[in-house]
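Asker: Pasting the sequence and the predicted model now:
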Amino acid sequence: MGTRAARAGQPCPVSLQAVLGAVCPCSPVQDADTPLLPLQIYPDPELEAQVLSLAIRCIHSEEGCRWSGLIKHLQAHLGTCSFNVIPCPNRCSAKLSRRDLPDHIQHGCPKRRVKCEFCASDFTGEAFEGHQGTCPQESVYCENKCGARMMRRLLSQHALSECPKRTQPCTYCSKEFVFDTIQNHQYQCPRYPVPCPNQCGTPSIAREDVTTHLKESCNTAMLLCPFKEAGCKHRCPKLAMGRHLEESTKTHLGMVCALVSRQRQEILELRRELEELSVSSEGTLIWKIADYARKLQESKARSNYEFFSPPFYTHKYGYKLQVSAFLNGNGSGESSHLSVYIRVLPGEYDNLLEWPFSYRVTFSLLDQSDPSLSKPQHITETFHPDPNWKNFQKPPAIRSSLDESTLGFGYPKFISHEDIRKRNYVRDNAIYIKASVEIPQKILA
Ligand SMILES: [Zn+2]
Ligand SMILES: [Zn+2]
Ligand SMILES: [Zn+2]
Ligand SMILES: [Zn+2]
Ligand SMILES: [Zn+2]
Ligand SMILES: [Zn+2]
Ligand SMILES: [Zn+2]
C-alpha cells in the first residue's frame, strides 16, 4: 500500500522518516536509480491526510507486538509499546526495550539505588557490586573452619587472637602450630624450659639440653678425676673435685710418673719393632761404605777398627746376619788388605730355625765401572759355613748386635789395598760390599 504512493519522479509527500525513525516505506530508493534529494521534498497536506489514515501494524510486529492501527496513531502506540527501545530512565547509557526495563532497573542498572541488607547503607548498583562480599556487617564463617560465625569486621581480630584453629609459633622453638595443638606440643617441645632434675638450682634448661647439663655443667654431676688417664679412679660431684685435686697432689704425681715410665717402656718396644721391620729379609745385602778415604785413614790410626753393616735376614722369618769390614785389614790381612766377615745375630725367629747355620754365603766387592764401557769384574768369594764353628750355632738371645767379641767368619785377605785401587772398586769415595745367602727353595716355601 505505502509503496504504491511512490511513483517515479514523485517524491514522498510525508516525511515518514521523521515519524517512524525508520526508512519510509514509500521511499523511492527502492524503485528509482537516483536517491531523493532534500530539495525534491515538499509538503502536500492532502496526500498527508490520506497516508496518515492508512492502517498499519506496529513496527515491532516481528518481535511480537500485536498492535495495528492507523499510521497517525503509531506514534502514540510507540510511547507505550513494550517492544520499543528507550533509554534507561536512570541515564545509565543503556537502551533497552520497554519490557526489559523493569529487570534492568531492578538488577542490572549500574545507576540503580540499592540498600545493603546487612549494613543498610545506600549504594548505586555499581558501588554495591564492590560492597558485596566485603560488607563489614555481613555475618560470615571463620576461614580457618573453626565453625565460628561473626560479622566480617570482627574476623581479623578473631583470626589473630581468638580462633582455636589459628596458627601461632611456639614461644620456645618458633615452629608454627595450630593454636589448639600448641599446648600438647609443649609437653614435648625440645626447647621448652624445665628445671634441673637434680635440683642444682638452674631454673630453666631447654628440655633437649638436660642430658648435657647433667653430664657437663650441673653442679651435682658426678665427674671422673682429670687424672683418670694416669689411673685415678676417683669420682665425685663437680663441686667437690677441687678439693680432691688439692688433697691428692702427691698421689696424682706418683701416678703420672708411673705412666711416663710405662710409656717409655712402650716407646722402646715400638722402636725395637720398628728397627726389626726395617731389616731387609731378601737374603741379599748391598752395603755401601761411603766416605771411604777418611774411614780407611781412621782404620790405619786405630788397629782392628771394624765397620758393621745393617743387619739383614736370609729370608722371611730366617737367620739374622750382619757383615763387617776392616778397611785396613785384620789378622793375616792387617795393614795390607780389606777384610770381610759375616756373623749370625740373635734374630726374632731363631727358635724356629735349624742350627747350626749352614747355607752358602757369597761376598762380593762390586766393580762400579760403567757396564756399557766394560764388563764389571766383581771380586767374589763363596763359602759353606763350617758346622763345627761355634759362631754358626744358635746365638744366645741376649747378645747385643754390636758385640765385637763375637768373631765373624770370612776373609782377612779379601782384596789387597793395591787391587782395590784398580778398576772402579772405589768410586766417588765409596765402596759396595754385597753379601748373599743361598737358601734352598724347599725352606723358602
Ligand atoms: Zn508495538
Ligand atoms: Zn540503567
Ligand atoms: Zn552492607
Ligand atoms: Zn576461627
Ligand atoms: Zn616448641
Ligand atoms: Zn643441674
Ligand atoms: Zn684423682
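Answerer: Perfect, thanks for sending it. Ligands and ions are numbered 1, 2, ... in the order given.

Asker: Tell me, please, where in the chain the pLDDT is lower than the cut-off.
Answerer: Along the chain, segments meeting pLDDT under 70 span 1-36, 398-406, 442-445.

Asker: Quick check, central residue of it?
Answerer: The C-alpha lying nearest the average C-alpha coordinate of the chain belongs to Lys175 (CA atoms, centre = their mean; 23.2 Å).

Asker: From the chain's centroid, how far away is the helix ranked longest in the chain?
Answerer: Ranked by residue count and defined by DSSP state H, the top helix of the chain is helix 249-278. Taking CA atoms, centre = their mean, to the nearest Å, the mean C-alpha location of helix 249-278 is offset from the chain mean by 44 Å.

Asker: Same question for stretch 336-353.
Answerer: With CA atoms, centre = their mean, you get 61 Å for stretch 336-353.

Asker: How is the residue lying farthest from the centre of the chain assigned, secondary-structure-wise?
Answerer: Distance from the centre of the chain peaks at Glu46, with 104.8 Å (CA atoms, centre = their mean). Judged by DSSP: H, G, I helix; E, B strand; the rest coil, the three-state class of Glu46 is helix.

Asker: residues touching it, list them.
Answerer: By CB atoms under 8 Å, 6 or more residues apart in numbering, the contact list for Glu46 is empty. Where C-beta positions appear, they are placed from N, C-alpha and C, glycine not excepted.

Asker: Give me the distance between it and ligand 2.
Answerer: As judged by CB to the ion, to the nearest Å, Glu46 and ligand 2 stand 44 Å apart.

Asker: okay but Glu306 is in contact with Ser324, surely?
Answerer: Yes: the pair Glu306 and Ser324 passes the contact test of CB atoms under 8 Å, sitting 5.0 Å apart.

Asker: three-state assignment of Phe363?
Answerer: strand.

Asker: Is it bridged to anything, and to what?
Answerer: Beta-bridge partners for Phe363, by DSSP bridges, are Glu381, Ala435.

Asker: Am I right that it is in contact with Glu381?
Answerer: Yes: here Phe363 reaches Glu381: they are 4.9 Å apart, a contact under CB under 8 Å.

Asker: Have a look at those two and say which one is more surrounded.
Answerer: Phe363 (23 against 15; other CB atoms under 10 Å).

Asker: Now do the strands in the stretch 151-300 of the chain.
Answerer: 167-169, 176-178, 193-194, 205-206, 222-224, 235-237, 284-289 (DSSP state E, counting those that start in this stretch).

Asker: what's next to the first one, contact-wise?
Answerer: Just to be clear, that refers to strand 167-169. Contacts of strand 167-169 (CB under 8 Å, 6+ apart): 175-179, 182.

Asker: and it, how far out from the chain's middle?
Answerer: Using CA atoms, centre = their mean, the offset of strand 167-169 from its chain centre is 30 Å.
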